[in-house]
Structures are given as structure tokens and as C-alpha cells.
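Trainee: Need a 3D model of the following:
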Amino acid sequence: MKVRLFEIFTSIEGEGILYGTKTLFVRLAGCPFTCFYCDTKESLPLDSGTEYSIEDANRLMDSNLKNQTYKVNFTGGDPLIQHEAVALLAKHIQSKNILTYLESSCFDIDRFNHVLPFIDIAKIEFKTKDSDFVDLQQYKKFIGHTMKCLESSVKSKKTTYIKIVVSSKTQPTEFEKLVKAIFTIISKDDIDGFIIQPTYGISEPSLELLLSLYDLVYPYYVGVKVVPQLHKFIGAP
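Mentor: Predicted structure coming up:
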């Protein structure tokens with residue numbers, strides 16, 4: 001089996017509930033979506049990056065692992081594009097007793113479930129309609145898969161958290177519908193975090209909008225946090 005990797009590097013995690021942790025990022029090539037705020041557009045083409053055998057990719061990860069690394073983050077692109085390879089790479093990392101972390105839009109429940117046994121921490125990213133990533137007719141189907149991935153991660157007792165990227169385009173009414181739908185299938189005790197992540201450098205939301213979105217989540221989950229991409233403030237990749 002082959003895998004296309006765009007880049008591998010060690011940095012400080014700047015997003016989500018584990019911001020600030022030393023992390024090896026394994027960025028896989030390929031993503032079917034075109035979110036307007038994407039900051040890794042160069043990794044979206046399926047033929048970007050470099051192709052490796054699984055064995056060579058494992059050796060590449062090993063050679064880039066630094067002491068005291070907290071976790072390995074499989075990101076993209078979207079790693080579920082190459083789900084079979086990700087499962088093998090994550091299994092290799094777990095054999096070293098290092099935490100594995102999946103960063104995906106969770107667009108396919110079957111692919112997600114294939115990878116899940118080898119993942120310790122799952123970030124379930126819900127995209128809003130205004131992200132411009134799929135045709136609106138496809139949005140309902142996409143969100144349905146993301147909801148199933150959330151249920152599966154929770155049922156498997158993984159460390160699970162939700163992230164929603166918001167921008168100045170985000171409509172509070174649509175955001176509220178999404179939050180209500182999420183908490184009809186899970187409870188506040190099922191997840192380890194709920195992150196509202198503002199866009200950076202493009203269509204940035206106002207503080208007033210962020211506060212209103214925060215207030216929509218708070219009745220369901222008091223631990224909700226607004227966390228920007230902190231790594232960009234320290235010049236980290």
C-alpha cells in the first residue's frame with residue numbers, strides 16, 4: 001500500500017482542546033472540499049506531496065519524532081481520503097505508546113470507523129453552510145455523516161471534542177440549528193470539549209458575533225471555548 005504525504009513536522013498544537021502541546025503533524029495529501037477559509041490549499045490536490053510505501057512512511061515518522069512529543073496529529077487535506085493508510089500509520093504510532101489524534105471533517109462514517117480503532121483523540125469538525133465547501137443540496141448528507149462519526153467516537157469511548165469554524169458569514173440562526181441537532185444525539189457528558197474557532201485573516205468574525213455564538217452553545221455545554229489558531233501568533237506552522 002502507498003500513501004501520499006504532503007509534509008511531516010513537529011510544532012506546537014495551536015487549535016482545539018490540546019493547544020500548547022508538542023505535536024508531530026503528519027499532513028496527508030488530498031481533500032474533496034474547498035472551504036473558503038482553508039489555510040492549507042496547497043495540500044488539497046490528490047497528487048500533491050510525495051508518495052511513500054507504508055514502511056517508508058513509518059520510518060519517516062520515526063525519524064521526525066522528537067523527545068517529549070505528546071501526540072501525533074493526522075491532518076490534511078483530509079486524512080479520511082487515505083483512510084486505510086492512516087489506520088496503518090496510526091497503529092504504528094500507537095505501538096510506541098504515543099497518542100494518536102485525527103483531524104478530519106468526518107465526511108464518511110465507514111472510513112471514519114475504519115480508522116477509529118487506532119485513534120485516541122478525535123476532533124469532530126462540523127462545518128456550517130456558509131463555509132462554501134459543498135453544494136447546499138449535499139450539505140444535509142454531509143452533516144449526517146459527521147453526526148454518525150460523533151456518535152461512533154463517543155460510543156467507542158475516545159477522547160472526543162467538537163470544533164466549528166465560524167466567520168463573519170456565519171448566521172446565528174443556522175449555527176443554533178446545528179448546535180441543537182448535535183445535542184439531540186449526545187449529552188454534555190459525552191464530549192471533552194466544544195471549540196468555536198474564528199477564521200484568521202479572512203472574513204474574521206466580530207467579537208459581538210463570537211459572543212452571540214458562544215451564548216448559543218453555553219446552555220448545552222458550559223465548557224464551550226472560543227479558541228483562535230494560536231500557532232499563527234507565535235509564527236509556528
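Trainee: Output the lowest mean pLDDT helix or strand found in the chain.
Mentor: Ranked by mean pLDDT, DSSP states H and E, the weakest helix or strand in the chain is helix 136-155, scoring a mean of 94.
Trainee: Pull out the buried positions in that helix.
Mentor: Neighbour-count burial for helix 136-155, with 16 or more other Cβ atoms under 10 Å as criterion, is recorded at 142-143, 145-154. (Each C-beta comes from the backbone N, C-alpha and C, glycine too.)
Trainee: show me the contacts for Glu51.
Mentor: Glu51 is in contact with 2-4, counting by Cβ atoms under 8 Å, 6 or more residues apart in numbering.
Trainee: Just the buried ones from those?
Mentor: 3-4.
Trainee: Looking at the residue nearest to Leu102 when sequence neighbours are not counted now. What's its pLDDT?
Mentor: Nearest non-adjacent residue to Leu102, counting by Cβ to Cβ, 6 or more residues apart in numbering: Ile119, 4.6 Å away. For Ile119, the pLDDT comes out at 98.
Trainee: Kindly report the same for Lys232.
Mentor: 81.
Trainee: For it, give its distance to Thr170.
Mentor: 20 Å (Cβ to Cβ, to the nearest Å).
Trainee: Between the two, which has more neighbouring residues?
Mentor: More neighbours surround Thr170 than the other of Lys232 and Thr170, with 23 against 14 (other Cβ atoms under 10 Å).
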